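Q: sequence plus predicted model, see below.
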Amino acid sequence: MRQHPISPVTEPMQYRAIGVVRGQYVPTDADHPTRGLIRTAEGQEIEAVVLGRLLTLMRRHLDAEQPHLWVVYPRIREQDSLHLQMVGVWEPSSLDPEATDAGAADVLPEGDDYFSIRGELIYTRPETGELVIKVRQQPRPDGSRPVPFKLQLRGVIPLEHLRHFVSLDVRRQGQALTVESCEVIGPLAQRGNRGGKRRRGPEDGAVRRERRPLPATAATAEPGEAPRPVTRSRAISRPSR
């Protein structure tokens, strides 16, 4: 049996966002038991959805009236509003009662409400303790690639680490995720212009025309060929919320 619900890292720049939250799961609609909320000991109600075969396991082995330690993927749907995707439960005492010290194994060394978040630091504002991490997901079985998602966290990471890959130990506090420790893994290569060509400025064009003037009879395009449009990329200084 595994000793921890969060698998160890296998690659230096392995993206992920996973954690554990203890509480009672309460469906918001009896006809749709996979949608509900997790009610924590301090009275927080966190929006949640049950994924995969976890619902079957819950019905067969868990007491719905008791709190459990849920394995979750965090998302931020609205500012100051945490959303959890429930993918498992960590409770060896119920799922494997014959295991040695199963009751003790229900408690993790990191404690409850711990999250491991690894991704690209795309926004940081140390003076207000705001930062945003972009997390990329593994390709689906059909080969398609899910769109990366962003997590808004609380914590202080210096500006010089912007666009670096970071590994964070995070703790849930209410509806927020707060950074407890940060390891900067290294800078990430940024995508340049398409085709790898340097964008030409007005000075370059002037020099090129001066050095290689077109003859009076030369044409700038073949007959019937439209000039190629110029595309420009937009820089985003701050992520959308």
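A: Received it, and whenever you're ready, just let me know what you need. Numbering: from 1, shown residues only.

Q: show me which helix or strand of the protein is least confident by mean pLDDT.
A: Counting by mean pLDDT, DSSP states H and E, the chain has its least confident helix or strand at helix 202-211, which shows a mean of 41.

Q: show me where the chain has helices.
A: 54-61, 92-95, 102-105, 202-211 (DSSP state H).

Q: tell me what the second one is packed against?
A: If I follow you right, that is helix 92-95. Helix 92-95 sits against helix 54-61, helix 102-105, with contacts defined as 3 or more C-beta pairs under 8 Å, 6 or more residues apart in numbering; DSSP states H and E. Where you see a C-beta, it was placed from the backbone N, CA and C, and this is true even at glycine.

Q: need those helices in a markdown table (columns: mean neighbour count, mean pLDDT and distance to residue 71).
A: A markdown table is the format used below for those (neighbours: other C-beta atoms under 10 Å; pLDDT from 0 to 100; distance: least, C-beta to C-beta, whole Å):
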| stretch | mean neighbour count | mean pLDDT | distance to residue 71 |
| --- | --- | --- | --- |
| helix 54-61 | 13 | 94 | 9 |
| helix 102-105 | 14 | 62 | 14 |
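
Q: residue 35 is nearest to which of those?
A: Nearest of the helices and strands packed on helix 92-95 to residue 35, taken as C-beta to C-beta: helix 54-61 at 10.8 Å.

Q: who are the neighbours in contact with the residue sitting nearest the centre point of the chain?
A: Centroid-nearest residue in the chain, with C-alpha atoms, centre = their mean: residue 135, separated by 3.3 Å. Shown in contact with residue 135 (C-beta atoms under 8 Å, 6 or more residues apart in numbering): 15, 16, 17, 117, 118, 119, 120, 148, 149, 150, 151.

Q: check residue 28 too.
A: Here residue 28 is in contact with 35, 36, 37 (C-beta under 8 Å, 6+ apart).

Q: for the chain, give me the ranges with low pLDDT.
A: Residue ranges of the chain with pLDDT under 70: 1-2, 97-104, 192-241.

Q: now do the strands in it.
A: 16-27, 35-39, 45-50, 68-78, 81-89, 114-125, 130-135, 149-154, 164-173, 176-187 (DSSP state E).
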